[in-house]
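Enquirer: got a sequence here, can you model it:
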Amino acid sequence: MLSLARVPGIQAMPSLLRAAPNPSPLPPAFRRALVLLALLALAGQAAGAAKSIVLTHVPAIRQSVDKTLAGRIYGIDPATVRIALYIQVGEAWWTKPSFSKPLTAIAADGSWSATIAPVASDTSATQIVALVVPAGFVPPDVAGEPWLPDTVTQAALASVAVVRPDPLRHSFHWSGHDWAVRDSGGQRQGPGDNLFSPSNANVFVDAAGLLHLRITGSATTWDCAELQLYRPLGYGRYRFRTANACDPLDANAVLGLFTWSDGTADPNYREIDIEWSRWGEPRDPTNAQFVVQPYEPAGHRQRITIPAAVTELAQEFTWRTTGVDFLATGAGYSAAWSYPPAGTASPNLPESRDERIHLNLWLNRNTGPRNGQPVEVVLRSFSFQGVDTDGDGVPDAWERAHGLEPAVATDALRDDDGDGATNLDEYLAGTDPADAASAFRITRYTRSGTTHELTFTARPDRLYDIETSATLAAAPWATAITGLSGSSATITTALPDPGQAPHAFYRVRIQPQP
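Expert: Prediction:
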């Protein structure tokens, strides 16, 4: 029997973290909402053998108090390796903590921490990369380079990267994800030697939730549009729905829907593309393409023709460790292609690491639109579904990153850190399955007269609902507050006053991930 804690006017629920009632580790669990019913933490021990690294604490951007980055490694003897840290400030990469101390030692339990902002300008770093390297590795000094050297990335046994949302940078939430808008700062940049503007005239979401990308300007000055996800997604199915026709797109314009890795010296930047363009040739009968970069070798690019009558198009690619499958479908239209082609001896297939989805609309060769008019493409939605080899509801990329095995379904139902939450629950909550202190919990309740407040742990990439009920019976729960989000580690919210009711019950539910 579970004991219940009672306070005047409100009753906390028993200590459980459970998904919706379906104990079978099947793909539908991937979409389940998670419900927080109260508090309990038990000490535990991590398990798993895959070589990986995760970040357990990332300091907020542009603040001078907390400058410490922390993490943990799995599947590697801590005594044999070190952590190499790098930050990106603007377009430049820098060694951290310092040139004199480029490597960070790791504790016996796999945990580590280091400062990433020894000087004031470091606090504005938008991207942080941590790599596990051999203890005897001597990394080169990275002092303002546009990417990380090959010698560093090739020596890494495992790596992790994070992009920190910058409040001074134009960003927004669309289609269930957080996006940053590119600003070239008045400087011409690639692709196409263009200006990229963060203006609402070039990138905006309308009242219906549609994303608009626009090329605007006149004469010889044109502003293009680009945005990127704040976090990598890894192997899986990437799906984009556009809400206007491809065929009328100006012959000099290019729409790109693609993966891209900034912090790498790889000349192909882990780039996988779906692109609309005639590349300046208006009479070209083809108007779009699927690409795995580099595009020049035979078999890396497939040109297609999307009919003018297709005004709504679903286009996608599914990226696996063994290949990429592309598909575009619309009214009465379908085009498919797979890479690598059959018989390819040594395919140049990008490996998922720190790449992010980018969406851009730009001008080929900076020649201006052929008709001299602004160009616009409208996207209805973006969605992602991670590859889940063992069908346990946890994407392979997340399992590898946290020391679990993508081919073993039973590890999703284990509780490796003993905090009362299964590894599947931890994935859904966005918490660390090897750290009992990283948990989805109600941490505080206060009442003053008719004012009630609830505090619970939160993640910036999750949305939360508060539900209420007058009884713990099977009666339906009513949504009291929906769509809560926060940038800090906790959310505090006011609760509706239960009035003269003898008791009330509240619970926090994580909305399903898109």
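Enquirer: next SSE downstream of the longest strand belonging to the chain?
Expert: Among all segments of the chain classified by DSSP state E, the strand with the greatest residue count is strand 375-386. Proceeding C-terminally, strand 375-386 gives way to helix 396-401 as the next helix or strand, assigned by DSSP states H and E.
Enquirer: which residues touch that following helix?
Expert: By C-beta atoms under 8 Å, 6 or more residues apart in numbering, the residues outside helix 396-401 that reach it are 50, 52-54, 160, 233-236, 352, 386-389, 404-406, 411, 427. Heads up, the C-betas are built off the backbone N, CA and C, glycines and all.
Enquirer: just checking, what packs against the helix or strand just after that helix?
Expert: Along the chain past helix 396-401, the next helix or strand (assigned with DSSP H and E) turns out to be helix 423-429. Under the contact criterion of 3 or more C-beta pairs under 8 Å, 6 or more residues apart in numbering; DSSP states H and E, helix 423-429 touches strand 17-19, strand 34-36.
Enquirer: before we move on, back to that, other SSEs contacting the longest strand of the chain?
Expert: Counting by 3+ C-beta pairs under 8 Å, 6+ apart, the elements that strand 375-386 packs against turn out to be strand 211-218, strand 236-242, strand 356-363, helix 396-401.
Enquirer: which of the helices and strands packed on helix 423-429 has the lowest average pLDDT?
Expert: Least confident of these, judged by mean pLDDT, is strand 17-19 with a mean of 29.
Enquirer: centre-most residue in the protein?
Expert: For the chain, the residue nearest the mean C-alpha position is residue 231 (2.9 Å; C-alpha atoms, centre = their mean).
Enquirer: helix or strand for that residue, which one?
Expert: In the assignment (DSSP H and E), residue 231 maps to no helix and no strand.
Enquirer: contacting residues around the longest strand of the chain?
Expert: 30, 174-177, 210-215, 233-244, 249-250, 253, 255, 276, 312, 357, 359, 361, 369, 395-398, 514.
Enquirer: pLDDT on that strand, on average?
Expert: For strand 375-386, mean pLDDT is 95.
Enquirer: what pairs with it, parallel or antiparallel?
Expert: Listed by DSSP bridges, the sheet partners of strand 375-386 and their directions read strand 211-218 (antiparallel), strand 236-242 (antiparallel).
Enquirer: can you check which of those gets nearest to residue 114?
Expert: Closest to residue 114 of the strands paired with strand 375-386, according to C-beta to C-beta: strand 236-242, at 31.1 Å.
Enquirer: how far is the longest strand of the chain from where the chain is centred?
Expert: On the basis of C-alpha atoms, centre = their mean, to the nearest Å, strand 375-386 is displaced by 15 Å from the centre of the chain it belongs to.
Enquirer: mind saving the C-alpha coords of it as PDB?
Expert: In PDB, the C-alpha atoms belonging to strand 375-386 read as follows (Å, rounded to 0.1, in the frame of the first residue of the first chain):
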ATOM      1  CA  VAL A 375      10.900  34.600 -53.000                       C
ATOM      2  CA  GLU A 376       8.900  32.700 -50.400                       C
ATOM      3  CA  VAL A 377       8.600  29.100 -49.300                       C
ATOM      4  CA  VAL A 378       6.100  28.100 -46.600                       C
ATOM      5  CA  LEU A 379       6.600  25.000 -44.400                       C
ATOM      6  CA  ARG A 380       3.700  23.400 -42.600                       C
ATOM      7  CA  SER A 381       5.700  21.200 -40.200                       C
ATOM      8  CA  PHE A 382       8.800  19.300 -39.300                       C
ATOM      9  CA  SER A 383       8.900  16.100 -37.300                       C
ATOM     10  CA  PHE A 384      11.500  13.500 -36.300                       C
ATOM     11  CA  GLN A 385      11.300   9.900 -35.200                       C
ATOM     12  CA  GLY A 386      14.500   8.300 -33.900                       C
END
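Enquirer: relative to strand 356-363, how tilted is it?
Expert: With axes from the mean of the first three to the mean of the last three C-alpha atoms, to 10 degrees as the basis, strand 375-386 and strand 356-363 are set at 170 degrees to each other.
Enquirer: in strand 375-386, what's buried?
Expert: 375-377, 379-386 (16 or more other C-beta atoms under 10 Å).
Enquirer: just to revisit the earlier point, pick out the shakiest of the helices and strands packed on strand 375-386, pLDDT-wise.
Expert: helix 396-401 (a mean of 84).
Enquirer: that older thread, and of the strands paired with strand 375-386, who's closest to residue 103?
Expert: With C-beta to C-beta as the measure, strand 236-242 is the member of the strands paired with strand 375-386 nearest residue 103 (32.8 Å).
Enquirer: what's in contact with that closest one?
Expert: Applying C-beta under 8 Å, 6+ apart, the set of residues contacting strand 236-242 from outside is 257, 259, 274, 312-319, 357, 359, 377-387, 395, 397.
Enquirer: list the contacts of the residue nearest to the centre of the chain.
Expert: 162-163, 178, 356, 461.
Enquirer: give me that answer again for 10 Å
Expert: By C-beta atoms under 10 Å, 6 or more residues apart in numbering, the contact list for residue 231 reads 161-163, 165, 177-178, 354, 356-357, 460-461.
Enquirer: now list the buried members of the residues you listed.
Expert: Neighbour counting by 16+ other C-beta under 10 Å classes 161-163, 165, 177-178, 354, 356-357, 460 among the contacts of residue 231 as buried.
Enquirer: those in strands, which ones?
Expert: Among the buried ones among the contacts of residue 231, the ones falling in strands (DSSP E) are 161-163, 177-178, 356-357.
Enquirer: identify the farthest-apart pair in those residues.
Expert: Spatial extent of those (C-beta to C-beta) is set by the pair 161 and 177 at 16.6 Å.
Enquirer: I figured residue 60 hits residue 165, correct?
Expert: Yes: contact between residue 60 and residue 165 holds when scored by C-beta atoms under 10 Å: they sit 9.1 Å apart.
Enquirer: surely residue 234 meets residue 387?
Expert: Yes: here residue 234 reaches residue 387: they are 7.9 Å apart, a contact under C-beta under 10 Å.
Enquirer: residues near residue 449, how many?
Expert: By the other C-beta atoms under 10 Å criterion, the neighbourhood of residue 449 contains 6 residues.
Enquirer: got a list of what it touches?
Expert: Contact analysis of residue 449 by C-beta under 10 Å, 6+ apart lists residue 497.
Enquirer: against residue 492, how distant is it?
Expert: Residue 449 sits at a distance of 17 Å from residue 492 (criterion: C-beta to C-beta, to the nearest Å).
Enquirer: any stretches of the chain with poor pLDDT?
Expert: Screening the chain residue by residue with the criterion pLDDT under 70, one finds the ranges 1-50, 263-266, 345, 474-475, 486-488, 513-514.
Enquirer: tell me how it divides into domains.
Expert: As given by automatic domain parsing, the domain ranges for the chain are 1-43+431-514, 52-163, 171-386.
Enquirer: nearest to residue 421, of the ones you listed?
Expert: Going through those one by one, with C-beta to C-beta as the measure, domain 1-43+431-514 comes closest at 4.1 Å.
Enquirer: what is the nearest of the buried ones among the contacts of residue 231 to residue 329?
Expert: Comparing those against residue 329 with C-beta to C-beta picks out residue 357 as the nearest, at 19.7 Å.
Enquirer: how about that closest one, what does it touch?
Expert: Under the criterion of C-beta under 10 Å, 6+ apart, the contact partners of residue 357 comprise 177, 179, 227-229, 231-233, 238, 240, 257-260, 272, 382, 384.
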